[in-house]
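Colleague: Give me a 3D structure for the following:
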Amino acid sequence: MKKLISLLILVCTMSLVSSCTDETNNYTIVQEESYKAMQIEAVASLVENISRQPEMKDQLLESFSKVVGYKQFSDLAPFDSEEEAMVGTRRGEAIAACMTAMARQPEMSNELKDIAIKYLGSATDAAITSTILDYSKAKAAVGLMEAMARQPEMVSYFTDFSVVMVGE
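Modeller: Residues are numbered from 1 along each chain as shown. A predicted model of the protein is given here:
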């Protein structure tokens, strides 16, 4: 029995050593997300944190501009056709987060709207293509539904905000 266990340990050790020294490189190529899309994604965190700590708004905005690296949406334009879907998706998620933040802090709605327009652009912004808009609409719908359910008395405000951000 001891010999069998020793042999088993030896075989396992040899397998491990041989697998560690294998020279083949098997890589899976994953499409890298656009840096601009990641910058836009950060807006979701910005508005969520402003709604959690409204008194930190100025510091959060200052830090955002420094760390994320843009001061307004037009700084990110133009977008390559390959990155438009990613940008639209991240933009829509950030718009959804903004509506959720508005529902959490209704008294900050106008300030959050101004922040969203500044960092995410409006539907009429020249840099926003139909592809970006379509993806934004699909993702923003989630936040619209959540915000409306949280603050039913603000349904018309959220609807108007949606039109400003993603069109009709």
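Colleague: Quick check: which ranges of this protein have low pLDDT?
Modeller: Applying pLDDT under 70 to the chain picks out residues 1-32.
Colleague: Okay, and the one residue sitting closest to the centre of it sits in which element?
Modeller: For the chain, the residue nearest the mean C-alpha position is Glu41 (2.8 Å; CA atoms, centre = their mean). Assigned by DSSP states H and E, Glu41 belongs to helix 35-52.
Colleague: mind exporting that helix as CSV, just the C-alpha atoms?
Modeller: Provided in CSV are the C-alpha atoms of helix 35-52 (Å, rounded to 0.1, in the frame of the first residue of the first chain):
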residue,chain,number,x,y,z
TYR,A,35,-10.7,53.4,-22.7
LYS,A,36,-13.3,56.0,-23.5
ALA,A,37,-16.1,53.5,-22.6
MET,A,38,-14.3,52.9,-19.2
GLN,A,39,-14.1,56.7,-18.6
ILE,A,40,-17.9,57.0,-19.3
GLU,A,41,-18.6,54.1,-17.0
ALA,A,42,-17.0,56.0,-14.1
VAL,A,43,-19.8,58.6,-14.3
ALA,A,44,-22.1,55.9,-12.8
SER,A,45,-19.9,55.7,-9.7
LEU,A,46,-19.7,59.5,-9.6
VAL,A,47,-23.5,60.1,-9.5
GLU,A,48,-24.1,57.2,-7.1
ASN,A,49,-21.6,58.6,-4.7
ILE,A,50,-22.9,62.1,-4.9
SER,A,51,-26.4,60.9,-4.1
ARG,A,52,-25.0,59.0,-1.1
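Colleague: neighbouring contacts of that helix?
Modeller: The contact list for helix 35-52, computed with CB atoms under 8 Å, 6 or more residues apart in numbering, reads 56-57, 60-61, 64, 68-70, 76, 79, 83, 86-87, 89-91, 93-94, 96-98, 100-102, 104-105, 108, 111-112, 115-116, 119-120. All C-beta atoms are positioned from the backbone trio N, CA, C, and that covers glycine.
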